[in-house]
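> Here is my input, please return the structure:
(4 chains)
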4 protein chains.
Amino acid sequence: MDSNDRLIILSERIKTFCSEREWSQFHDPKNLAISLQLEASEVLELFQWTKDNQVKSGKEASISEEVADVFYWLLMLANHYNIDLVEALNSKMDINEIKYPVNKSKGVSTKYTDL
Amino acid sequence: MDSNDRLIILSERIKTFCSEREWSQFHDPKNLAISLQLEASEVLELFQWTKDNQVKSGKEASISEEVADVFYWLLMLANHYNIDLVEALNSKMDINEIKYPVNKSKGVSTKYTDL
Amino acid sequence: MDSNDRLIILSERIKTFCSEREWSQFHDPKNLAISLQLEASEVLELFQWTKDNQVKSGKEASISEEVADVFYWLLMLANHYNIDLVEALNSKMDINEIKYPVNKSKGVSTKYTDL
Amino acid sequence: MDSNDRLIILSERIKTFCSEREWSQFHDPKNLAISLQLEASEVLELFQWTKDNQVKSGKEASISEEVADVFYWLLMLANHYNIDLVEALNSKMDINEIKYPVNKSKGVSTKYTDL
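Numbering: from 1, shown residues only, chains lettered A, B, ... in the order given. Here you go, the predicted model:
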């Protein structure tokens, strides 16, 4: 099965999961955005207090699960607004390639507004 | 072009974008997780102070861009750990379908630990 | 005992707590800022999925504890930079009173940049 | 003036600032918690991409202002729930001193649940 199908099937699976549980009543976009933020924090928590900037020892297995949780809420928001995530990010990359010209941004982490 | 290809091409585009700018030196996973968190907050900011739980008036066009920014850092983290986002979320959905049985979770937003 | 003393005593108590446990080695400001963010998310989590914008039913007792956790990391950061929180916020209020003139901001939640 | 007075005066100043602008209509606790989270993210942003875990070069002056913003929303939440921040944190410290005994937690950043 190709990935387009995989993403569509996954999206449909999530919609069915929610509708079977009658959860759409909770899923206004503000609450989706809160959940997205909370799951992003759980990813960050895996790195809390680390000195080597790697996942905390013993938590390596959790990263895949936490990243998936963020993806879940991101897809929920994307579904709500009929956003195609791949298209949206490709548009963003078009902009980023202009905002961050190679010659100015090579080897520096400066924000484009300060370039 | 199918979506699998689209996702792979997008992933490769991002890798090229970063390597051309020699940014991998900044991209340890802790800093990626911080950026993911910061972009999730920018999504949330679009809903700040709203009473109707919709995007702030005049900011509707920003939601697609902000959601794309979250997706960017999520893909960066997934790439770093060789995580297939679709697979990871499908595994999570397998778990969620068990954690939240339809008969117990229908119409309630209770966390599985409190069901 | 007056509150100045209370705040100083609390600050000293926290410093002693950390130095007895030899935790200053972990407490670079970036890690303090991450912890501040994570605790702010725990406050937000108390409101996840609520429709009435109040703390989740059964979690009312947690708000004081979670707010205290945020205050802990805020004091840690303030201590690190020798910031007097009360002074810093008074300076901010001086600015806010100019940024948000009563006649322009009465009854509207618009950010000063859009006033 | 002693600090107790300073904190009370600051608290009253904020209440007056908001009531003059008729902002209490926006200030349900869920929106306060969102704002607290967003300001905590702005503190974290000062450390984005840094390798030395210090505030980004050129942004040193911002830390006091951003920390003050977090304190603002923390006081707003505390006011809403009639929480005395100093008392709440002292209670928390009573608990922390038990959760993290010196002999077990000296020199380690392990969470109490894993001690």
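> Every contact and neighbour count from this point should use C-alpha atoms.
Fine.
> Tell me how many other residues surround the spatially closest residue to residue A:20 that is not a sequence neighbour.
Nearest residue to residue A:20, sequence neighbours excluded (CA to CA, 6 or more residues apart in numbering or on different chains): residue B:102, at 6.7 Å. Per other CA atoms under 10 Å in any protein chain shown, the neighbour tally for residue B:102 reads 16.
> okay but residue A:34 is in contact with residue C:46, surely?
No: Residue A:34 is beyond contact range of residue C:46, at 11.0 Å (criterion: CA atoms under 8 Å).
> Pick out whichever of these two has more residues nearby.
Between residue A:34 and residue C:46, counted using other CA under 10 Å, the more crowded position is residue A:34 (25 against 22).
> and the strand or helix carrying the more buried one, is it in reach of chain C?
Element membership of residue A:34 [criterion: DSSP states H and E] is helix A:29-45. Yes: interface with chain C: helix A:29-45 contributes A:31, A:34-35, A:37-38, A:41, A:44-45 (CA under 8 Å from any CA of the partner chain).
> Which is the succeeding secondary structure element to that helix?
helix A:62-80.
> Also compute the angle for the helix or strand immediately after that next one in the chain relative to helix B:62-80, please.
Next along the chain after helix A:62-80, taking DSSP H and E as the criterion, comes helix A:85-99. Put simply, helix A:85-99 runs at 90 degrees to helix B:62-80, going by axes from the mean of the first three to the mean of the last three CA atoms, to 10 degrees.
> Isn't the residue nearest to residue A:20 up against residue A:22?
No: at 9.1 Å, residue B:102 does not count as touching residue A:22 under the criterion of CA under 8 Å.
> Report all helices and strands that the lowest-mean-pLDDT helix or strand in chain A contacts.
Lowest on mean pLDDT, DSSP states H and E among the helices and strands of chain A sits helix A:3-20, with a mean of 84. Secondary-structure packing of helix A:3-20 (3 or more CA pairs under 8 Å, 6 or more residues apart in numbering or on different chains; DSSP states H and E): helix B:3-20, helix B:85-99.
> For residue A:7, find the nearest of these.
Among those, helix B:85-99 comes nearest to residue A:7, with 6.6 Å by CA to CA.
> can stretch A:84-98 be found next to chain B?
Yes: counting by CA under 8 Å from any CA, contacts between stretch A:84-98 and chain B involve A:85-86, A:88-90, A:92-93, A:97.
> and that stretch, how far out from the chain's middle?
14 Å (CA atoms, centre = their mean, to the nearest Å).
> got the buried residues for that stretch?
Neighbour-count burial for stretch A:84-98 flags A:85-86, A:88-90, A:92-93 (criterion: 16 or more other CA atoms under 10 Å in any protein chain shown).
> can you name the two of those residues that are farthest apart?
A:85 and A:93 (12.1 Å).
> hang on, residue A:11 packs against residue A:75?
Yes: the criterion here is CA under 8 Å, and residue A:11 meets it with residue A:75 at 7.1 Å.
> Comparing the two, which shows the higher neighbour count?
residue A:75 (25 against 19).
> Contact residues of chain A facing chain D?
Proximity of chain A to chain D, by CA under 8 Å from any CA, involves residues A:49, A:109.
> where does chain A dip in pLDDT?
Along chain A, segments meeting pLDDT under 70 span A:1-5.
> All good on my end, thank you.
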